[in-house]
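Trainee: coords please:
(one chain, ligands or ions: 1)
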Amino acid sequence: MLLNPLTFHTPSTLDEAVRLYTTLDNSRLQAGGTFLLNSLKLLKRKGAKTPEHVISLNKIDGLKGASASNGELTIKAMTTISDLYSSPHLQGHLSVLRTVCKNISTNPIRNMATVGGNLTCRYTWTEMPAAMIGLGGRLHFRGRDGATQTLDAEEFFKNGAKTDKIFTHVTIASDPNASVAYCRVKKSPNVDIPLLSILIKTNFNRNTFAHTRVSVNNCVAFAQRDHKLEQFLDQSVCSPDIAQEALNHMDESIYETRSNDYKKHMFRVSIKSALRELMEKNR
Ligand SMILES: Cc1cc2nc3c(=O)[nH]c(=O)nc-3n(C[C@H](O)[C@H](O)[C@H](O)COP(=O)(O)OP(=O)(O)OC[C@H]3O[C@@H](n4cnc5c(N)ncnc54)[C@H](O)[C@@H]3O)c2cc1C
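Mentor: Numbering: from 1, shown residues only. Predicted coordinates:
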C-alpha cells in the first residue's frame with residue numbers, strides 16, 4: 001500500500017529540525033522508520049488523517065553515537081541498535097545493554113531502528129524502556145521553543161511516553177558496584193517481538209540487596225518499576241529461597257493489567273530466574 005502524499009524533510013542539524021517541527025503543521029518525526037511507516041499505512045487503512053510532513057532525523061550527525069565521560073554514558077537518539085551493540089563504551093553493568101540490543105528483532109531491523117525510536121514510539125513490544133528505567137536513565141528532549149527538558153525514564157513512561165518534543169539523548173550514570181540481570185521472553189517462535197522484558201539492578205551490600213530497581217515491560221501498561229518487590233528485596237538477605245519467596249511480594253496490580261495467566265506465569269518464572277542469576281554473580 002502506498003502512503004498518502006507527504007513532503008519529506010531532511011534537516012542536517014537539530015536546530016533546523018526543531019524549526020521545521022515548530023513551523024510545520026501536521027508533521028511527524030522519523031528516525032529509522034521501522035515503526036513509523038507501518039503506523040502511517042495503518043492510519044491510511046483506517047481512513048484516519050495522516051501527516052502532511054515527515055521530518056527525518058537521519059542526516060543529523062549530531063544525534064548519532066554513544067560516548068562516555070565523567071562516569072556517565074550518553075547515547076544519542078539516532079544511534080542504531082546495531083551501533084549501540086558494537087559500542088566500546090558499554091562497560092561494567094552497562095554491558096547489559098549489549099544483551100538488550102542483541103535480543104531486538106533481526107539484523108535488518110537492528111541496522112535501521114534507533115534507540116530514540118525504540119523509546120518514543122509508544123509501541124508495547126519494545127525493550128529499551130525497561131532497560132532505561134532499570135538502569136536509571138535520564139531522557140533529554142528539545143522542545144519546539146528550543147528549550148531543553150530532562151525527565152527520568154521512569155517518569156516519562158509513567159506519563160504514557162507522550163511527548164511533543166524531539167528526544168535528543170539518554171544519559172546513564174555508571175555504577176561500578178551494581179549487578180544487573182536482564183531477562184526477555186520471545187512472544188512466539190515465529191514472531192520476533194518480546195512477550196516480556198525485565199531488568200533487575202542491585203548493589204549487593206555483602207549478602208544483602210540494596211538500592212534495588214526492578215523494571216518490567218510488555219504485557220503491562222507501559223514500562224514501570226515494581227516498587228513493592230524492590231522494597232521486599234532491599235530488606236532481604238541472599239538465601240537459596242529468596243528468589244521463590246520474592247514472588248509473594250510482587251505488585252500484582254502491575255501484572256493484572258494486560259497479562260493473562262500464561263503471561264503472569266512467565267513474569268514469575270523470569271523474575272525468579274533473574275534473581276538467581278544476580279545471586280550467582282554475587283557468590
Ligand atoms: C518486525 C519488527 C520486529 C521488532 N521486534 C522488536 C523487538 O524484538 N524488540 C524491540 O525492542 N523492538 C522491536 N521492534 C520495534 C523496533 O525496535 C521499533 O520499530 C523501533 O525501535 C522504532 O525505531 P525507529 O528508529 O525505526 O523509529 P521510527 O519508526 O522512525 O519512529 C517511531 C516513532 O517514534 C517517534 N520518534 C522517533 N524518533 C524520535 C525522536 N528523536 N524524538 C521524538 N519522537 C521520535 C516517531 O515520530 C514515531 O512516532 C520491532 C519492529 C519490527 C518492525
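
Trainee: who's in contact with the residue lying closest to Leu94 once chain neighbours are set aside?
Mentor: The shortest distance from Leu94 to any residue that is not its chain neighbour, by C-beta to C-beta, 6 or more residues apart in numbering, is 5.5 Å, and that residue is Leu73. Where C-beta positions appear, they are placed from N, C-alpha and C, glycine not excepted. Taking C-beta atoms under 8 Å, 6 or more residues apart in numbering as the criterion, Leu73 is in contact with Ala66, Ser67, His89, Leu90, Leu94, Thr171, Ile172, Ser174.

Trainee: What's the local residue count around the last one?
Mentor: Here the number of neighbours of Ser174 (other C-beta atoms under 10 Å) works out to 16.

Trainee: now the residue in the stretch 101-250 of the chain positioned nearest to the ligand, what's its secondary structure?
Mentor: Nearest residue of the stretch 101-250 of the chain to the ligand (C-beta to the nearest ligand atom) works out as Gly117 at 2.2 Å. With DSSP: H, G, I helix; E, B strand; the rest coil as the basis, the three-state label of Gly117 is helix.

Trainee: Can you select the buried ones from the contacts of Leu73 in ChimeraX?
Mentor: Here is the ChimeraX command that selects the buried residues among the contacts of Leu73 (16 or more other C-beta atoms under 10 Å):
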select :66,89,90,94,172,174
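
Trainee: Can you name the two of the contacts of Leu73 that sit furthest apart?
Mentor: Longest distance between any two of those is 14.1 Å, between Leu90 and Thr171; criterion C-beta to C-beta.

Trainee: Who does the helix or strand in which Tyr182 is found pair with, and is each partner parallel or antiparallel?
Mentor: Secondary structure from DSSP states H and E places Tyr182 in strand 179-188. For strand 179-188, the paired strands and their directions (DSSP bridges) read strand 191-202 (antiparallel).

Trainee: Flag every buried residue along the strand it pairs with.
Mentor: Judged by neighbour count using 16+ other C-beta under 10 Å, the buried positions of strand 191-202 are Pro194, Leu195, Leu196, Ser197, Ile198, Leu199, Ile200, Lys201, Thr202.

Trainee: In contact with the fourth one, which residues?
Mentor: Going back to what we said before, that points to Ser197. By C-beta under 8 Å, 6+ apart, Ser197 lies in contact with Val100, Glu127, Ala130, Ala131, Tyr182, Cys183, Arg184, Val185, Val216, Asn217, Asn218.

Trainee: If we use 6 Å, what do you get?
Mentor: For Ser197, the contacting residues are Glu127, Ala130, Arg184, Asn217, Asn218, by C-beta atoms under 6 Å, 6 or more residues apart in numbering.

Trainee: just these that are near the ligand?
Mentor: Checked against the ligand using C-beta under 6 Å from any ligand atom, these give the following subset in range: Glu127.

Trainee: Among the contacts of Ser197, which one has the most neighbours?
Mentor: Neighbour tally across the contacts of Ser197 (other C-beta under 10 Å): the maximum, 29 neighbours, falls on Ala130.

Trainee: send the alpha carbons of the helix or strand hosting the residue nearest to Leu94 over as PDB?
Mentor: Secondary structure here is read from DSSP H and E; on that basis Leu73 sits in strand 72-76. The C-alpha coordinates for strand 72-76 follow below in PDB (Å, rounded to 0.1, in the frame of the first residue of the first chain):
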ATOM      1  CA  GLU A  72      28.200   8.800  32.600                       C
ATOM      2  CA  LEU A  73      27.200   7.100  29.400                       C
ATOM      3  CA  THR A  74      25.400   9.200  26.700                       C
ATOM      4  CA  ILE A  75      23.500   7.500  23.900                       C
ATOM      5  CA  LYS A  76      22.200   9.900  21.300                       C
END
